[in-house]
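Colleague: A predicted structure for the sequence below; I have some questions about it.
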Amino acid sequence: MLEIFKAKMVKEISRTTSEDKISRQKVRLSLERIGFHELLHEEITNRLTLLEKGSKFNEYSRRIERGMENVLNLLERQYAEKYPEVVFLKKQRYDGSIAAILHDIGKSGPAEATSKEQDLIIKLFARENIRNSNMLVSEVIGEMFFENQLAETLETLEKYKIGEKTTMREFWDRHAQWTHDILEKYSQNLNAHVRMISGSHHIDRGINPYNLSDEVVVPLAANVIGTLEEYVETLEGRALIALDQYEAAIERGKLSHEMALSRVRSSMVKHKNDKLMNLVLGAIDELGENSTIFN
Ligand SMILES: [Fe+2]
């Protein structure tokens, strides 16, 4: 009996090790693809590996990175003369690409979280079909875990100020701050510009860990990442939030480009008069319509 158990354990360990290896490799390749060959802090690569294994967020980030490249190319082609601010230096583009790959690292939890805690927080971020963003984290956890794990889970979250009354919306909104904290703590080979773009990608939702004032121009790359993230998540069904389960089942997690973009537009009403944001949305519209945005 013990032998069978041992054999099972060995099999399980080698399965996890090879999964870990593959995920680690994917993380490395996605950085190399954009020309990044520096050594990141081990904690950063460990977190990216956990995100790769336990969620689709790295995949989204890669799509966002490609989308950003396409959006910026289109803006430059169309508006370089009229609006010189859409033309980027190579270096700015490069920083934007690195930030696009790293921006959601905060979905692995606070900078102090242990890897076991990170695993748990990633699971909660990756939880799909949340019917209503005002649902309490404690309710969602209740659906995810059996009673014996529940107390421990709630205790872990409590440690990071996610209490019984925290809603899923509030929980989701923590991640940009956590991205800031993680990148600042483990900043090896990540310049200040990359960190600032990454941590400011939800500035449209008022999440502003770098305290950028209105007079400071928010880097367009940060806005493009934030906008594209919303677009990707909406498109991929993350914002199934607003749909009831019936519709979700019919849609099977896919929205049309038009639906996804109109949601993004309506969540960005406060940017209605922002010229650059409108250019970005226009470019997303044009590329999304031809389905070439993430190519
Ligand atoms: Fe995000």
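Modeller: Everything's here; your move. Residues are numbered from 1 along each chain as shown.
Colleague: now do the contacts for the closest residue to residue 26 other than its chain neighbours.
Modeller: Spatially, and ignoring its direct neighbours in sequence, residue 26 is nearest to residue 52 (5.4 Å; Cβ to Cβ, 6 or more residues apart in numbering). Placement of C-beta: from N, CA and C, glycine included. For residue 52, the contact set (Cβ atoms under 8 Å, 6 or more residues apart in numbering) comprises 23, 24, 26, 27, 58.
Colleague: in a markdown table, list those residues along with distance to the ion.
Modeller: Below are the contacts of residue 52 laid out as a markdown table (distance: Cβ to the ion, whole Å):
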| residue | distance to the ion |
| --- | --- |
| 23 | 20 |
| 24 | 23 |
| 26 | 20 |
| 27 | 18 |
| 58 | 12 |
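Colleague: now, the most widely separated pair of these?
Modeller: 24 and 58 (11.5 Å; Cβ to Cβ).
Colleague: buried residues of the strand or helix carrying the residue nearest to residue 26, list them for me.
Modeller: For residue 52, the element it lies in under DSSP states H and E is helix 42-54. By neighbour count with 16 or more other Cβ atoms under 10 Å, helix 42-54 contains the buried residues 43, 44, 45, 46, 47, 48, 49, 50, 51, 52, 53, 54.
Colleague: now the angle from the next helix-or-strand element following it to helix 42-54?
Modeller: The first helix or strand that comes after helix 42-54 along the chain, using DSSP H and E, is helix 57-79. On the basis of axes from the mean of the first three to the mean of the last three Cα atoms, to 10 degrees, helix 57-79 is oriented at 100 degrees to helix 42-54.
Colleague: run through the stretch 151-295 of the chain and note the low-pLDDT ranges.
Modeller: Residue ranges of the stretch 151-295 of the chain with pLDDT under 70: 214-218, 220, 227-255, 268-271.
Colleague: so where do the helices sit in it?
Modeller: Counting by DSSP state H, counting those that start in this stretch, residue ranges of the helices within the stretch 151-295 of the chain are 168-173, 175-185, 192-199, 220-236, 245-251, 257-267, 275-289.
Colleague: so what's the gap between the last one and the chain middle?
Modeller: Read it as helix 275-289. Offset of helix 275-289 from its chain centre (Cα atoms, centre = their mean, to the nearest Å): 20 Å.
Colleague: tell me which residues of that helix are tucked away?
Modeller: 276, 277, 279, 280, 281, 283, 284, 285, 287, 288.
Colleague: which residue is nearest the middle of this protein?
Modeller: Of all residues in the chain, the one closest to the mean position by Cα atoms, centre = their mean is residue 104, 3.4 Å from it.
Colleague: could you find the closest non-adjacent residue to residue 117?
Modeller: Using Cβ to Cβ, 6+ apart and skipping the chain neighbours, the partner closest in space to residue 117 is residue 156 (5.4 Å).
Colleague: against the ion, how distant is the one you found?
Modeller: Distance, residue 156 to the ion, using Cβ to the ion, to the nearest Å: 22 Å.
Colleague: for the ion, what are the nearby residues on the stretch 1-150 of the chain?
Modeller: Proximity of the stretch 1-150 of the chain to the ion, by Cβ under 5 Å from the ion, involves residues residue 104.
Colleague: where in the stretch 1-150 of the chain is pLDDT low?
Modeller: Counting by pLDDT under 70, the ranges of the stretch 1-150 of the chain that qualify are 1-2, 5, 9, 12-13, 15.
Colleague: quick one, phi psi at the residue of it found nearest the ion?
Modeller: Nearest residue of the stretch 1-150 of the chain to the ion, counting by Cβ to the ion: residue 104, 4.7 Å away. Main-chain torsions, residue 104, degrees, to the nearest 10: phi -100, psi 20.
Colleague: check contacts around it.
Modeller: Residue 104 touches 51, 57, 60, 61, 175, 179, 229, counting by Cβ under 8 Å, 6+ apart.
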